[in-house]
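Q: Please find the sequence and the predicted model below.
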Amino acid sequence: MAKNINDADLENYVPEEDSSRYMDVPKATKYKTSAGDKIFTVCNIIFMVLFVVITVYPILNTLAISFNDGIDAVRGGIHLIPRKFSLHNYRSVFAMRNLTTGLVVSVCRTVLGTLFGVIVNAILAFIVSRKRFLLKKSLTAFWVITMYVNGGMIPVLILYKNLHLTGTFWVYVIPGLISAFNMLVMRTFMEGIPDSLEEAAQIDGASYGTIFLKVYTPLCKPMYATIALFIAVGQWNSWFDTMLYNRLTSKYTTLQYELMKLLSSVSSQSSKTDPNSGEGANLQPISVRSAATIVTMAPIVCLYPFLQRYFVTGLTIGGVKE
């Protein structure tokens, strides 16, 4: 029997909620952590803390020794805080005669060597990564052989001398333009890029140069940053080539070579000087070596945070396969 509804009932009428629309919504489930997960988390935290301590402690210890008095540092027992604070070690480093020249040359060889090295290796890697390149396997095998076999120091020195590279700045840049390892890393990365991108660009009329610049270069930025850091660290820390090729040309000396000469002179002086006499006692190999290490390490430490995000991006590229 129908129920009579007047106007007052219509005004106060509130529709009942349709509970059917909530039937498909699952209830929030609370994840219960097992004992194994808790043990793994604790062990993981302990391992990471130990790893950070092992990594950071040598740097902090070297920094503390570099700011400590030389004769006092010989006693040992310095950990994180200098026992006898002194700036004499850094004064001796920055008082070197060719420090400014070596710094400028080191910066120039690092910048130019890294820039040209990345460009040349990227072009070679792009060429070798093409599937229709006929000499792909032959050139790859040739470059791999050069990673394990070389002509030796004397033949290389004679070659550079005949090419008029010795006694010049370009001996730091030209011989290191091509690296088999860097080229193979780039080639492997480029081979992981889907072929459909290149085919789509070719359909639009793009040449290989356009494909390299507009398609592959944006996708290879993380790999370029990684290789650039490898080359930059090698160029910045290199000093042996300066001793071989530019030892007699002071205007092309490098910072690392000058610091090596300073350390050698301090080591020879300390072996001839009586520590009780006070003459040259403040300069000790351990303290000067620590100061030189901090000076050479600072630019790379400052550069790394700007490239770190590319490493993180490089881990995710290639995660989705075609």
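A: Perfect, I can see it now. Numbering: from 1, shown residues only.

Q: in which helix or strand would I find the residue nearest the centre of the chain?
A: Central residue of the chain (CA atoms, centre = their mean): residue 229, 3.9 Å from the mean position. Using DSSP states H and E, the element containing residue 229 is helix 221-237.

Q: Likewise for residue 131?
A: Per DSSP H and E, residue 131 falls between elements, in no helix or strand.

Q: who touches it in this structure?
A: Contact analysis of residue 131 by CB atoms under 8 Å, 6 or more residues apart in numbering lists residue 195. All C-beta atoms are positioned from the backbone trio N, CA, C, and that covers glycine.

Q: quick revisit: list the buried ones in the helix holding residue 229?
A: Neighbour-count burial for helix 221-237 flags 222-233, 235-237 (criterion: 16 or more other CB atoms under 10 Å).

Q: Can I get that helix in PDB? Just the C-alpha atoms.
A: C-alpha atoms of helix 221-237 as PDB (Å, rounded to 0.1, in the frame of the first residue of the first chain):
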ATOM      1  CA  LYS A 221      73.400  12.900 -21.300                       C
ATOM      2  CA  PRO A 222      73.800  10.700 -18.200                       C
ATOM      3  CA  MET A 223      76.400   8.600 -20.000                       C
ATOM      4  CA  TYR A 224      78.200  11.700 -21.300                       C
ATOM      5  CA  ALA A 225      78.400  13.000 -17.700                       C
ATOM      6  CA  THR A 226      79.800   9.800 -16.400                       C
ATOM      7  CA  ILE A 227      82.500   9.600 -19.100                       C
ATOM      8  CA  ALA A 228      83.200  13.300 -18.600                       C
ATOM      9  CA  LEU A 229      83.900  12.700 -14.900                       C
ATOM     10  CA  PHE A 230      86.200   9.800 -15.700                       C
ATOM     11  CA  ILE A 231      88.200  11.900 -18.200                       C
ATOM     12  CA  ALA A 232      88.300  14.900 -16.000                       C
ATOM     13  CA  VAL A 233      89.600  13.000 -13.000                       C
ATOM     14  CA  GLY A 234      92.300  11.400 -15.100                       C
ATOM     15  CA  GLN A 235      93.400  14.700 -16.600                       C
ATOM     16  CA  TRP A 236      93.400  16.500 -13.300                       C
ATOM     17  CA  ASN A 237      95.400  13.900 -11.500                       C
END
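
Q: ok, the residue nearest to the centre of the chain touching residue 303?
A: Yes - counting by CB atoms under 8 Å, residue 229 touches residue 303, with 7.5 Å between them.

Q: Now residue 294: closest residue in space that isn't a chain neighbour?
A: Distance criterion CB to CB, 6 or more residues apart in numbering; nearest residue to residue 294, sequence neighbours excluded, is residue 66 at 5.1 Å.

Q: mind checking how far the one you found is from residue 237?
A: Counting by CB to CB, to the nearest Å, the gap from residue 66 to residue 237 is 18 Å.

Q: Next: residue 245.
A: 17 Å.

Q: And residue 180, by the same measure?
A: Separation of residue 180 from residue 237 (CB to CB): 20 Å.

Q: Next: residue 228.
A: The value you get for residue 228 to residue 237, if CB to CB is used, is 15 Å.

Q: same thing with residue 53?
A: Residue 53 is 25 Å from residue 237, where distance means CB to CB.

Q: Then residue 293?
A: Counting by CB to CB - residue 293 and residue 237 are separated by 11 Å.

Q: go on, residue 156?
A: To residue 237, residue 156 is 19 Å away according to CB to CB.

Q: Only the buried residues of stretch 57-71, if you could.
A: Buried positions in stretch 57-71, judged by neighbour count with 16+ other CB under 10 Å: 62, 63, 64, 65, 66, 67, 68, 69, 70, 71.

Q: what residues are up against residue 134?
A: If you count contacts by CB under 8 Å, 6+ apart, residue 134 has none.

Q: so how far is residue 36 from it?
A: From residue 134 over to residue 36 the distance is 56 Å, taken as CB to CB.

Q: Need the pLDDT of the residue nearest to the centre of the chain.
A: On pLDDT, residue 229 comes in at 87.

Q: Next one, pLDDT for residue 59 please.
A: Reported pLDDT for residue 59: 89.

Q: Then it would be within a strand, right?
A: No - the assignment for residue 59, made by DSSP: H, G, I helix; E, B strand; the rest coil, is helix rather than a strand.

Q: how about the nearest residue to it, chain neighbours excluded?
A: residue 297 (7.7 Å).

Q: what pLDDT does the one you found get?
A: 85.

Q: Phi and psi next, for it.
A: With angles defined as degrees, to the nearest 10, residue 297 sits at phi -80, psi -30.

Q: For the protein, give me the ranges with low pLDDT.
A: Scanning the chain for pLDDT under 70 picks out 1-32, 269-283, 307, 309-322.

Q: what number of residues lie near residue 192?
A: 12 (other CB atoms under 10 Å).

Q: any idea how far residue 145 is from it?
A: Noted for residue 192: a distance of 25 Å to residue 145, by CB to CB.

Q: just residue 53 next, same as before
A: Separation of residue 53 from residue 145 (CB to CB) stands at 42 Å.
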